[in-house]
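K.L.:
missing the sequence, but the structure's below:
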């Protein structure tokens, strides 16, 4: 089992998976979602989320929680992610590894629930926002409402076509520390192009939005 330090190695206030402070690495980490274990070797992600797990890999492996999961069934994974609270029957207070939470862009959340989610201190959160214009002001306000209310290490999950060079810089400026890519829906050429663009992300002169 990989330690928390290896999975979430903090660099100032930003988290990177399996990163070291003496390495020159991208400002944005990449989590790859996949249903195929062959993609573990095919795609160079910082971490993977799958029902499969490669104990020989130095990458971290997470799993979306299903209604059939128990503390024992997820024990081998380095972290877990809650995508539907109704299907989550894990005793989170006895789970020692990092816990993540995924939120959809169009999900209406009350202020009380936002406060409750914030109090749970999730290690990572994923903002799922496919098919939106990320530069639209109303969408920006909705995004900031959620990521400012729930203090965590935020990743964003967009459609692959939305990971342009300008958007990746904008994503970082918004306060995200990584992106999520569905590896089952992307070819290796497009993935490498996105990864290359993440290496061009820089700290903006005006700071974060």
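P.N.:
Good, I have the coordinates. Computed from a predicted model, the values in this text were never measured in an experiment.
K.L.:
going forward, measure contacts between C-alpha atoms and count neighbours the same way
P.N.:
Noted.
K.L.:
which parts of this structure are strands?
P.N.:
9-11, 14-16, 29-33, 47-49, 60-64, 79-82, 99-104, 124-128, 153-157, 178-182 (DSSP state E).
K.L.:
which of these has the lowest mean pLDDT?
P.N.:
Among those, strand 14-16 has the lowest mean pLDDT, at a mean of 37.
K.L.:
what about residue 167, how many neighbours?
P.N.:
Applying other CA atoms under 10 Å, we find 16 residues neighbouring residue 167.
K.L.:
over to residue 36?
P.N.:
That count, for residue 36 with other CA under 10 Å as the rule, works out to 12.
K.L.:
for residue 160, give its distance to residue 187.
P.N.:
Applying CA to CA, to the nearest Å, the value for residue 160 to residue 187 is 10 Å.
K.L.:
ok so, going back, what would the strands of the chain look like in JSON lines with mean neighbour count and distance to residue 90?
P.N.:
Output for the strands of the chain, formatted as JSON lines (neighbours: other CA atoms under 10 Å; distance: least, CA to CA, whole Å):
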{"stretch": "strand 9-11", "mean neighbour count": "15", "distance to residue 90": "25"}
{"stretch": "strand 14-16", "mean neighbour count": "21", "distance to residue 90": "25"}
{"stretch": "strand 29-33", "mean neighbour count": "24", "distance to residue 90": "21"}
{"stretch": "strand 47-49", "mean neighbour count": "25", "distance to residue 90": "17"}
{"stretch": "strand 60-64", "mean neighbour count": "24", "distance to residue 90": "12"}
{"stretch": "strand 79-82", "mean neighbour count": "23", "distance to residue 90": "10"}
{"stretch": "strand 99-104", "mean neighbour count": "20", "distance to residue 90": "11"}
{"stretch": "strand 124-128", "mean neighbour count": "22", "distance to residue 90": "17"}
{"stretch": "strand 153-157", "mean neighbour count": "24", "distance to residue 90": "22"}
{"stretch": "strand 178-182", "mean neighbour count": "22", "distance to residue 90": "24"}
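K.L.:
any chance of these in JSON lines, plus distance to residue 195?
P.N.:
Converted to JSON lines, the strands of the chain look like this (distance: least, CA to CA, whole Å):
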{"stretch": "strand 9-11", "distance to residue 195": "20"}
{"stretch": "strand 14-16", "distance to residue 195": "14"}
{"stretch": "strand 29-33", "distance to residue 195": "8"}
{"stretch": "strand 47-49", "distance to residue 195": "13"}
{"stretch": "strand 60-64", "distance to residue 195": "18"}
{"stretch": "strand 79-82", "distance to residue 195": "23"}
{"stretch": "strand 99-104", "distance to residue 195": "22"}
{"stretch": "strand 124-128", "distance to residue 195": "19"}
{"stretch": "strand 153-157", "distance to residue 195": "15"}
{"stretch": "strand 178-182", "distance to residue 195": "10"}
